[in-house]
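K.L.:
Quick one, what's the 3D model for this:
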Amino acid sequence: MGFFDSEIVQQEAKQLFEDYHSLIQLGGSYGKFDREGKKIFIEQMEAIMDRYRIFMKRFELSEDFMAQMTVEQLKTQLGQFGMTPQQMFDQMNMTLNRMKSEIEKPL
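P.N.:
Numbers count the residues shown, from 1 in each chain. So this is what the prediction gives:
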């Protein structure tokens, strides 16, 4: 069975995409959140990034051709922006850390 034939993989991918999409839509109102709301948003975004990182690692470790092609496509797409997958995750973490430091400043 191929990597993408797994019902578990399909369900995880679907759930990860839906959760990320919902959070991004919610993020459009981030500026209106109170301090606690911003903290919760950041925590949820960190959790999704962790899930995404794990999901991508499973792709990398898989010997399935399609999983390897997916990894290569991601590397190619990010490479067009002069970035590696690790740099993408590092950038996301830096952004979330910056957001955290902003909400920790006194009002």
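
K.L.:
Tell me, how many residues neighbour residue 36?
P.N.:
9 (other CB atoms under 10 Å). In short, each C-beta sits where N, CA and C put it, glycine included.

K.L.:
Could you report the separation of it from residue 42?
P.N.:
11 Å (CB to CB, to the nearest Å).

K.L.:
And for residue 100, nearest residue in space, chain neighbours not counted?
P.N.:
residue 42 (5.8 Å; CB to CB, 6 or more residues apart in numbering).

K.L.:
element containing that neighbour?
P.N.:
helix 35-61 (DSSP states H and E).

K.L.:
Quick one: residues contacting the residue nearest to the spatial centre of the chain.
P.N.:
Here the mean C-alpha position of the chain is nearest to the C-alpha of residue 49 (CA atoms, centre = their mean), at a distance of 3.5 Å. By CB atoms under 8 Å, 6 or more residues apart in numbering, the contact set of residue 49 is 89, 92-93, 96.

K.L.:
Narrow those to those in helices?
P.N.:
Taking DSSP state H as the definition of helices, the contacts of residue 49 contribute 89, 92-93, 96.

K.L.:
Turn those residues into CSV, columns for distance to residue 20 and neighbour count.
P.N.:
Shown next, in CSV, are the ones in helices among the contacts of residue 49 (distance: CB to CB, whole Å; neighbours: other CB atoms under 10 Å):
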residue, distance to residue 20, neighbour count
89, 14, 15
92, 11, 16
93, 16, 13
96, 14, 16
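
K.L.:
Just to check, residue 66 is in contact with residue 4?
P.N.:
Yes - counting by CB atoms under 8 Å, residue 66 touches residue 4, with 5.5 Å between them.

K.L.:
mind checking how far residue 49 is from residue 85?
P.N.:
Taking CB to CB, one finds residue 49 at 12 Å from residue 85.
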